[in-house]
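Undergrad: would you be able to build a 3D model of this:
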Amino acid sequence: MLRPFFRYKLVDGTTHNKTAAHTSPTANMEAGRRQALNWFSRIFPESFFESLKQDLEIIENSCIFTLPVTIWLMVLQRLSQKGTLATAVTELLHGNGRELLKPCRQVRENRISAGTGAYSQARQRVPVEAVRRVAERTFEQLHRISPQDTLRDRLFLLDGSSIRLAHTPALLRVYPQAENQHGKSHWPVARIAVMHHVVTALAMAPQFGAMYGPDAVSEQGLAEALIDRLPPLSVLIGDRNFGVFAVAWHAHSRSHAVLVRLTEARATRLNEGELISGTDRKVIWEPSRDDRRGHPDLPVAARIEGRLIVAQLEKVKEILYLFTTLEESAEQIVSLYKERWNIETDLRSLKEQVRLHTIPARSPDLVASELLIAIASYNLIRAVMAEAAQAINIEPRRLSFSRCREAFWAFARAVAHTDSPEKFEYHWRLLMRSLSQSKLPKRNRPPAPRLVWQKPHTFPTHTIKNHVQKI
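TA: Purely as a prediction, here's the structure:
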C-alpha cells in the first residue's frame, strides 16, 4: 500500500491524531477534506500564511488573489510548459486551486475574470521575504521528515551558476552588464549559489547577487550564507571553485565536515612535496597571505586539521586532489566526491524543466521572487519523487525529473475537479504508479570534460550599430 508523503506527519511536525484531539469532529472532517483535495495545503497550511502575514505586516483586503492564491499560481506558472500569467489564471478559472479562494463577492458570484492584470499586480505586491520563507519552508519541512541515518543522508552539494535577466533600466542598476575593451554586453546577469541534498536532491533557498559591477559578489561569498543554514553536522562537498580556505573554514567553524577538491597548486602547497597518486596523509590547512588579505575577518588561530587524498580514476587522465575532515577510507572519500556530479543534473533540471535559464521579470524584487518560487516548485516535485522512490525501494535520483514533473502537472489538474477524498486517493495512486515507472536507465558513461552544444541561429545577430530607431 502506498503511503502519501505527508499523510501521517504534518509539516509542522505534529501528527494528524494529535491535531484531531483538540478540534471538533466537524472541523476535523472539513480540515481533512481540504487536505485531501489540495496537496498544496499539506505543506503550506493556512496557519503558515497567517503567521507570515503577521510577521511581515501584510494587510489584505477581501479579494481573489490573496497571498496563498498568488503563491499557488506562481508555482503553477513554473510547473507549466509556457509559464505565462494567462496560463495560471486559466487554471484557476477551471478549478485548479479554487479551494484556496476566500469567499469574496467575485468568488461567491462566480465572476472571476480571465484577465491577468489583477494577478500581475498581486505578484508585485508579494514581499520578497515572504517568497523566501516559502522556499525555505519547502526545504526545511521536507528534509526534516526524510531519513537521516547514514553518512550519505548528511551530504550536501555546493555549486554556483548564472541566470540571464531582462534588459530593463531597473535591473541594469542592480545587475550591471559585463564590460570589456569592446564595450558592454546587452543582457544583465545574476550570479547564484545553490546547495542541494545528495539523496533527495532537495534545494535550499539560493543566494544570489550581481555578477558584474561595483557590487559584484563572488560564489564563495554567497556560499557562506548557505553554509549558515545547513542542518547540524552536515557534510559539504564542493569543487575546485569552493576548495579555498575561507569556505572550508566557514563550514568547519560551524561543526560541518568538508570534502572539497583542490587545485594542483593549492594541493602542492598543502602537501609541501611531490603529489603522488594514492597519497593519503594528515595535513593542517592554514590560511595563506592571500586568504587573509581577501578575508580579514579570519581568526588569527584559524586552521583545519584534515587529510589530503590524491587519486586518479580509471580511464581518466585528470588527478583528483581532495581535502576532507572525514575519517572514512580514501576509497570511500573518492566515491563520495563522485556524488558532486549530481549538482550538474540538478541545475539542468532547474534551468530546463523549471525554466530558470532566464527570468523575464522586469524588476529586481520580482526577479528575486521568481527565482525563489522556482526553487519551491522544484522542491515540491522532488518531495513527491522521494515518496514514489520509497514505495519501490530505489533512490529518488533514479527517477526522471522531467517525466515526474509532467505526471505531477497532470495530477494537479485532475484533482482540481475532485469532490471526494476517495477520488483524490485514486488520482494519488495513479500519480505514484506513473512516477514509479519513470526510472532512468542505468548508464555507465566514462567521465568526460564539459562540452557546450552551440545553438543554431535562425536570425542574424543583433548589434548596436544596426539598432537605429526610425523617427
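Undergrad: rest of the way, CA atoms for contacts and neighbours
TA: OK.
Undergrad: which residues does stretch 210-229 contact?
TA: 158, 160, 162, 174-178, 189-195, 204, 206-209, 241-242, 247, 250-251, 254 (Cα atoms under 8 Å, 6 or more residues apart in numbering).
Undergrad: now the end-to-end length of it.
TA: 21 Å (Cα to Cα, to the nearest Å).
Undergrad: what about residue 51, distance to residue 44?
TA: Distance, residue 51 to residue 44, using Cα to Cα: 11 Å.
Undergrad: next one: residue 151
TA: 30 Å.
Undergrad: neighbour-wise, which of these two wins?
TA: Comparing residue 151 with residue 44 by other Cα atoms under 10 Å, the one with more neighbours is residue 44, at 19 against 11.
Undergrad: now what about stretch 151-168, what contacts it?
TA: Counting by Cα under 8 Å, 6+ apart, 147-148, 171, 186-199, 211, 219, 223, 233-239, 242, 336, 340, 343, 356-363 sit against stretch 151-168.
Undergrad: can you rerun that using 7 Å?
TA: 147-148, 187-199, 219, 234-238, 340, 343, 357-362 (Cα atoms under 7 Å, 6 or more residues apart in numbering).
Undergrad: could you flag which of the residues you listed are buried?
TA: For the contacts of stretch 151-168, a neighbour count by 16 or more other Cα atoms under 10 Å gives the buried set as 187-199, 219, 234-238, 340, 343, 357-359, 361-362.
Undergrad: what's the first helix or strand after the longest strand along the chain?
TA: The longest strand of the chain (DSSP state E) is strand 155-165. Of the helices and strands lying after strand 155-165 in sequence (DSSP states H and E), the nearest is helix 169-174.
Undergrad: who does the very next helix or strand once past that following helix pair up with?
TA: Next helix or strand after helix 169-174 toward the C-terminus (DSSP H and E): strand 179-180. Counting by DSSP bridges, the strands paired with strand 179-180 are strand 183-184 (antiparallel).
Undergrad: ok so, going back, now a ChimeraX select for only the buried ones of the contacts of stretch 210-229.
TA: ChimeraX command restricting these to the buried ones, with burial defined by 16+ other Cα under 10 Å:
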select :158,160,162,174,175,176,177,189,190,191,192,193,194,195,204,206,207,208,209,241,242,247,250,251
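Undergrad: next helix or strand past the longest helix belonging to the chain?
TA: The longest helix of the chain (DSSP state H) is helix 364-391. Using DSSP H and E, the next helix or strand after helix 364-391 towards the C-terminus is helix 401-414.
Undergrad: now the angle from the longest strand of the chain to helix 364-391?
TA: 140 degrees (axes from the mean of the first three to the mean of the last three Cα atoms, to 10 degrees).
Undergrad: for the stretch 51-200 of the chain, what spans make up the helices?
TA: Along the stretch 51-200 of the chain, counting by DSSP state H, counting those that start in this stretch, helices occupy 67-79, 85-93, 105-108, 117-125, 128-144, 169-174.
Undergrad: go through the last one and flag the buried ones.
TA: Of the residues in helix 169-174, 171-172, 174 count as buried by neighbour count, 16+ other Cα under 10 Å.
Undergrad: so where do the strands sit in the protein?
TA: 155-165, 179-180, 183-184, 189-197, 207-210, 235-238, 257-261, 280-285, 304-312, 319-324, 358-359.
Undergrad: partner residues bridging the closest residue to residue 258 other than its chain neighbours?
TA: Leaving aside its chain neighbours, residue 258 sits nearest to residue 236 (4.7 Å; criterion: Cα to Cα, 6 or more residues apart in numbering). Beta-bridge partners for residue 236, by DSSP bridges, are residue 156, residue 258.
Undergrad: measure residue 236 to residue 430 for me?
TA: For residue 236, the distance to residue 430 - Cα to Cα - is 37 Å.
Undergrad: one more: residue 128?
TA: Taking Cα to Cα as the measure, residue 128 falls 36 Å from residue 430.
Undergrad: out of these two, which sits in the busier spot?
TA: Ranked by neighbour count (other Cα under 10 Å), residue 128 and residue 430 place residue 128 first, with 19 against 14.
Undergrad: contacting residues around that one?
TA: So residue 128 contacts 365, 368-369 (Cα under 7 Å, 6+ apart).
Undergrad: got the CA positions of stretch 99-110 in PDB?
TA: Extracted C-alpha coordinates of stretch 99-110, given in PDB (Å, rounded to 0.1, in the frame of the first residue of the first chain):
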ATOM      1  CA  GLU A  99     -10.300  25.700  -2.600                       C
ATOM      2  CA  LEU A 100      -7.700  28.400  -1.600                       C
ATOM      3  CA  LEU A 101     -10.000  31.200  -2.600                       C
ATOM      4  CA  LYS A 102     -11.700  33.300   0.100                       C
ATOM      5  CA  PRO A 103     -15.500  33.900  -0.300                       C
ATOM      6  CA  CYS A 104     -15.200  37.400  -1.600                       C
ATOM      7  CA  ARG A 105     -18.100  38.800  -3.800                       C
ATOM      8  CA  GLN A 106     -16.500  37.800  -7.100                       C
ATOM      9  CA  VAL A 107     -16.000  34.200  -5.900                       C
ATOM     10  CA  ARG A 108     -19.500  33.900  -4.500                       C
ATOM     11  CA  GLU A 109     -21.000  35.200  -7.800                       C
ATOM     12  CA  ASN A 110     -18.600  33.100  -9.800                       C
END
